[in-house]
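Visitor: Structure of the sequence below:
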Amino acid sequence: MTGVAELIVIGILPVIADDLHISIALAGQIITAFSLSFAIGTPIIVTLTSRVRRKHLLIGALAMFILGSLASYASTSFAALMASRIMLGLSGGVYTVVAFSSVAKLVSPEKTGRAIGMVAMGFSAALVLGAPIGVTVAKWWSWQTIFAALGVITFLLLLGTIRLLPQIAGDAPVPFRKQFHVLGSSVIVSGLGLSLLFTSSSSMMNTYLAPYLQQILHMNASYTGLTMFALGIAGVLGTRAGGTLADAWGTSKVISFGLTVLAVSLFLLPLLSSYLVAGVALLLIWMFAMSLIIPAIQMYFIQQAPESSNLVLGLNTSVLHLGVAVGAGLGGIVVDATSTVLYNPWIASLTVAVGLAIAAVSFSMSRRKVAGTV
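Guide: Predicted coordinates for the structure are as follows:
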């Protein structure tokens, strides 16, 4: 639900703008409000609540998410809607981080990757369902109905969490000085750099995917939605496979393999712009590889700082959202400079290549740390 809440408004911004009598540009700031509160507020709240039992924190996050959904439903002004989106961003961010870190405590170490993959698969499914659901519901009823439905569904999830989820202890008490020591780790910092470049590259393509399909691959607009749905399915499958392979191969191998496939597929994409089928096939491979990496990155951070996993995952979540903004902005600069989206894949490929180099440095330092040489 948290992923759907973030993405569901993308296709209905014109409807919201008309209803609230504001511009599309101003309406777009409700997405910014969600992402910034997600990115900035999540690590702060997660750090302050590190000792709270995970079940209690998840219940609290879901309760706040319900209140945010109902506030969105009742919003009659832009200011009220912005405030409700901040509530949704904060609660969604806390729930996301705690869910990822909690699964590591619920399963045996050899099954951690698969468990994280299952959680990440839910967020990948939001890519498939978010925008289409928003457009359909707004067309049949109203945009407010979307948030009412989110509130009702989340309430059912809250009841299930209360009834079925076992108690999970919070992180062991860690002094703030030691927490800052963890954040000063070169392994963690380089890993965060990898996350930033990875999501920047992904956003550079995701943001301008529809124009690329229609303007570069010359796809009929009527098939764009179906193609994006297929890409979403590839993303769900990739996320599921990423968790399983992380258990079998190890996180560093999965991340390195995924980044290599990303760089190669993005580099080849403009070279095959005259071939629709080949271009779509490369995009499917790109989406699968991108999603393959997501659970492996989360698991990698848990492995590097198990005693402060919530703190580090919270920071990583913030960096991931920052990468989305950076990628979209850089992609826009490239489009403005070249008057085409043709070259976005090459810039994205270069970004991934730099990320792969940083990943190699991080993995090397991690191995040295395990060996006791750093």
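Visitor: burial of residue 74, as a residue count?
Guide: 13 (other CB atoms under 10 Å). Every residue, glycine included, has its C-beta placed from N, CA and C.
Visitor: Please apply the same query to residue 237.
Guide: The burial count for residue 237: 17, using other CB under 10 Å.
Visitor: Likewise for the one 5 residues further on?
Guide: Other residues within reach of residue 242, judged by other CB under 10 Å, total 33.
Visitor: try the one 5 residues further on
Guide: Burial measure for residue 247: 22 neighbouring residues, criterion other CB under 10 Å.
Visitor: Low-confidence regions, the stretch 51-200 of the chain specifically.
Guide: Along the stretch 51-200 of the chain, segments meeting pLDDT under 70 span 100-101, 103-139, 166, 168-183.
Visitor: whoops, I mixed them up, the stretch 201-350 of the chain
Guide: In the stretch 201-350 of the chain, residues with pLDDT under 70: 207, 225, 307-310, 314.
Visitor: Go again with 50.
Guide: Counting by pLDDT under 50, the stretch 201-350 of the chain contains no low-confidence range.
Visitor: all helices of the stretch 201-350 of the chain, in order?
Guide: 209-211, 224-249, 251-268, 276-304, 309-338, 344-371 (DSSP state H, counting those that start in this stretch).
Visitor: Could you check the angle the third one makes with helix 224-249?
Guide: Taking axes from the mean of the first three to the mean of the last three CA atoms, to 10 degrees, helix 251-268 and helix 224-249 form an angle of 150 degrees between their directions.
Visitor: now helix 251-268 against helix 344-371, angle please.
Guide: 160 degrees.
Visitor: Which neighbouring elements make contact with helix 251-268?
Guide: helix 186-206, helix 224-249, helix 276-304, helix 344-371 (3 or more CB pairs under 8 Å, 6 or more residues apart in numbering; DSSP states H and E).
Visitor: Hmm, residue 273 and residue 345 touching each other?
Guide: No: counting by CB atoms under 8 Å, residue 273 is not a contact partner of residue 345; they are 9.3 Å apart.
Visitor: Looking at those two, which is more packed in?
Guide: Using other CB under 10 Å, the more surrounded residue of residue 345 and residue 273 is residue 345, with 27 against 16.
Visitor: ok, back up a step: output the helices and strands packed on helix 251-268 as JSON lines; include the columns distance to residue 331.
Guide: Formatted as JSON lines, the helices and strands packed on helix 251-268 follow (distance: least, CB to CB, whole Å):
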{"stretch": "helix 186-206", "distance to residue 331": "4"}
{"stretch": "helix 224-249", "distance to residue 331": "17"}
{"stretch": "helix 276-304", "distance to residue 331": "15"}
{"stretch": "helix 344-371", "distance to residue 331": "5"}
